[in-house]
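In: next come a sequence and a model predicted from it.
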Amino acid sequence: MDSSKQPNRNDVMLDKGQQFPLTIKRLGIDGEGVGFFKRKVVFVPGALPGEEVVCEAVNVTAKYTTAKIVNIRKASDDRVEAPCPVYDRCGGCQLQHMTYEAQLREKKDIVRQAFERYTRIDLDSLPFGDTIGMENPWRYRNKSQMQVGRKDNDVIAGLYEEGTNRLIDIKECIVQHPQTEKVTNIVKKIVNRLGIEPYNSKKHKGVLRTLVTRVGFETDEYQLVLVTTELDFPQKEDLVKAIVNRMPNITSIVQNVQPDKTPLVFGEETVVLHGKEKIHETLNDLSFELSARAFFQLNPAQTKVLYDTAKEAAELTGTEKVIDAYSGVGTIGLWVADQASEVRGMDTVEEAILDANQNAERIGANAQFVTGRAEEVIPDWKDQGYQADVVFVDPPRSGLDQSLIRTLTRSKIKRIVYVSCNPSTLAKNVKELARGGYRLKSLQPVDMFPQTSQVEAVAVLEVE
């Protein structure tokens, strides 16, 4: 027999359900442990770097295997007991079983892995800081978004168990501001008492879909958004009256209508049911008005750190013209306005732009914001004589739109300060911008979401 045609032991695939030993080498981008079995990568949720475990194959493909822990032969010194009772089912946090010091170390490595995979940039040859963490990495989230359902005869609200359509009733979440869980728990009891039917996504029936609560950490104002399938429904007035009766100091109750069979939380129609349309929050000396659908960073305390990091990275002298792309309510643009000659920004969400301009007027900043796509607005401004020196970009997890990358490389704006929530798309975008004449100058990870695998990074690119 021709030995060259015999299967290579290293190419033998695992079978589903097969158990095997594994040494975990590092964390993956979703917080799972990563090891190698016969040169094939294996992802193991819950495993930590340095651990020796016995795994069971759950999903096997030609390129990778996902597995679950059967037992831990050698535990990491970084392993701790997760304090949340539904931690292993909720999926909202991935790293509660890891010391915070280790989380920060591994998040820097997650950023490094992304650049190793998608670029040839040697991060050791440029400023690449250790992850900036929080003094208290708990109770930091200012907004909760809980899906509503029914279990037996009770209304519940929470998150879906990872990989399933089973809704977990979350009465307490130790990364949320306590006020958000208080509001959610009160409202679901009222909904249950009034007989208002939760939305059933399988049958596309029911009224109440989602409870969204946002809190001002500095102002103590808070807003409840009731996301429903229709504008008018039985017991609507009674629901609002009961909520106000139980929480007379609530700042705002808003209804958003999402009639479609879709995973998108918000629909297009929003009405105020009680109190103000918006709540306001302060960051240092800046005050922001926040409407129900306006984007605002979920961790106010660490947002100050993130924006200070971006501001310092921009090296502003007071003479620069600045663009704040993906501006939202104007947070980054207004944060740096005191060190720029003029700030302009844009976003596609009209409500956010209205908030941004009101925020700019309130603080007297030389800043203006328009509704539109950055790749279209930036060339128009350049034609009108507004050539920016620095552009801040803070895109969603999908990264920069390809048309915006082309716009930036054509515009030759001197410096790009890229605030990223996804190391993979950041690395890909840096590679693409490098093709257009930009060079990465520095990289700084910031931990905006302790206990999760997510990590932000501030990258500075300059025209070569």
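Out: Thanks, I have it. Numbers count the residues shown, from 1 in each chain.
In: my guess is V257 contacts T228. True?
Out: Yes - V257 lies in contact with T228 (CB atoms under 8 Å); the separation is 6.0 Å. In short, each C-beta sits where N, CA and C put it, glycine included.
In: compare those two (neighbour count), which wins?
Out: Set V257 next to T228 and count neighbours by other CB atoms under 10 Å: T228 wins out with 24 against 19.
In: torsion angles phi and psi at that one?
Out: phi -120, psi 170 (degrees, to the nearest 10).
In: against T303, how distant is it?
Out: Distance, T228 to T303, by CB to CB, to the nearest Å: 30 Å.
In: could you pull out the strands in the stretch 201-350 of the chain for me?
Out: 208-215, 222-228, 252-257, 269-275, 279-283, 286-290, 321-325, 342-347 (DSSP state E, counting those that start in this stretch).
In: A292 and E269 touch, don't they?
Out: No - using CB under 8 Å, A292 makes no contact with E269, being 11.1 Å away.
In: and for those two, which residues touch both?
Out: When contacts are counted by CB atoms under 8 Å, 6 or more residues apart in numbering, A292 and E269 have N256 as shared neighbours.
In: so which of those two has more stuff around it?
Out: A count of neighbours by other CB under 10 Å puts A292 above the other of A292 and E269, at 22 against 13.
In: how is this structure partitioned into domains?
Out: Taking automatic domain parsing as the reference, the chain has its domains at 16-79, 123-134+299-463, 143-282.
In: how about the ones you listed, which one is nearest R89?
Out: domain 143-282 (4.9 Å; CB to CB).
In: ok now that closest one, how far from the chain's centre?
Out: 20 Å (CA atoms, centre = their mean, to the nearest Å).
In: could you do stretch 110-120 as well?
Out: 20 Å.
In: name the residues of that stretch that are buried.
Out: Residues of stretch 110-120 classed as buried: I110, V111, R112, Q113, A114, F115, Y118, T119 (neighbour count, 16 or more other CB atoms under 10 Å).
In: export the lengthiest helix in the chain as PDB, just CAs?
Out: Longest helix in the chain, counting residues (DSSP state H): helix 100-118. Provided in PDB are the C-alpha atoms of helix 100-118 (Å, rounded to 0.1, in the frame of the first residue of the first chain):
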ATOM      1  CA  TYR A 100     -10.200  40.800  37.300                       C
ATOM      2  CA  GLU A 101      -6.500  41.200  37.100                       C
ATOM      3  CA  ALA A 102      -6.400  38.200  34.700                       C
ATOM      4  CA  GLN A 103      -9.300  39.500  32.700                       C
ATOM      5  CA  LEU A 104      -7.400  42.700  32.000                       C
ATOM      6  CA  ARG A 105      -4.300  40.800  31.000                       C
ATOM      7  CA  GLU A 106      -6.200  38.400  28.700                       C
ATOM      8  CA  LYS A 107      -8.100  41.300  27.100                       C
ATOM      9  CA  LYS A 108      -4.900  42.800  25.900                       C
ATOM     10  CA  ASP A 109      -4.000  39.500  24.500                       C
ATOM     11  CA  ILE A 110      -7.300  39.300  22.600                       C
ATOM     12  CA  VAL A 111      -6.400  42.600  20.900                       C
ATOM     13  CA  ARG A 112      -3.000  41.200  20.100                       C
ATOM     14  CA  GLN A 113      -4.500  38.000  18.600                       C
ATOM     15  CA  ALA A 114      -6.700  40.100  16.300                       C
ATOM     16  CA  PHE A 115      -3.700  42.000  14.900                       C
ATOM     17  CA  GLU A 116      -1.600  38.900  14.600                       C
ATOM     18  CA  ARG A 117      -4.400  37.200  12.600                       C
ATOM     19  CA  TYR A 118      -5.300  40.100  10.300                       C
END
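In: what does that helix contact?
Out: Outside helix 100-118, the residues touching it (CB under 8 Å, 6+ apart) are 26-29, 48-49, 76, 78, 95, 98, 121, 123, 128, 130-131, 133, 137, 423-424, 426-428, 430-431, 443, 445, 447, 450-451, 453, 455, 457.
In: if we use 6 Å, what do you get?
Out: 27, 29, 78, 95, 121, 123, 130-131, 133, 137, 423-424, 427-428, 431, 445, 455, 457 (CB atoms under 6 Å, 6 or more residues apart in numbering).
In: which of the residues you listed fall within strands?
Out: L27, P445, A457 (DSSP state E).
In: show me the helices in the stretch 351-464 of the chain, by range?
Out: 374-383, 402-411, 423-435 (DSSP state H, counting those that start in this stretch).
In: now the angle from the last one to helix 402-411?
Out: With axes from the mean of the first three to the mean of the last three CA atoms, to 10 degrees applied, the angle from helix 423-435 to helix 402-411 works out at 40 degrees.
In: quick one: mean pLDDT for stretch 25-32?
Out: Stretch 25-32 comes out with an average pLDDT of 95.
In: out of the strands of the stretch 201-350 of the chain, which gets nearest to N192?
Out: That would be strand 208-215 among the strands of the stretch 201-350 of the chain, by CB to CB, at 10.6 Å.
In: elements contacting that closest one?
Out: Applying 3 or more CB pairs under 6 Å, 6 or more residues apart in numbering; DSSP states H and E, one finds that strand 208-215 contacts strand 143-151, helix 178-194, strand 222-228.
In: among the ones you listed, which is the most enclosed?
Out: Among the helices and strands packed on strand 208-215, ranked by average contacts under mean count of other CB atoms under 10 Å, first place goes to strand 222-228 (a mean of 24).
In: which outside residues touch it?
Out: By CB under 6 Å, 6+ apart, strand 222-228 touches 179, 183, 207-210, 212-215, 251-258, 279, 292.
In: sorry, back to before: and the helices and strands packed on strand 208-215 as TSV, adding mean pLDDT and distance to I168?
Out: Shown next, in TSV, are the helices and strands packed on strand 208-215 (pLDDT from 0 to 100; distance: least, CB to CB, whole Å):
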stretch	mean pLDDT	distance to I168
strand 143-151	96	10
helix 178-194	97	13
strand 222-228	98	19
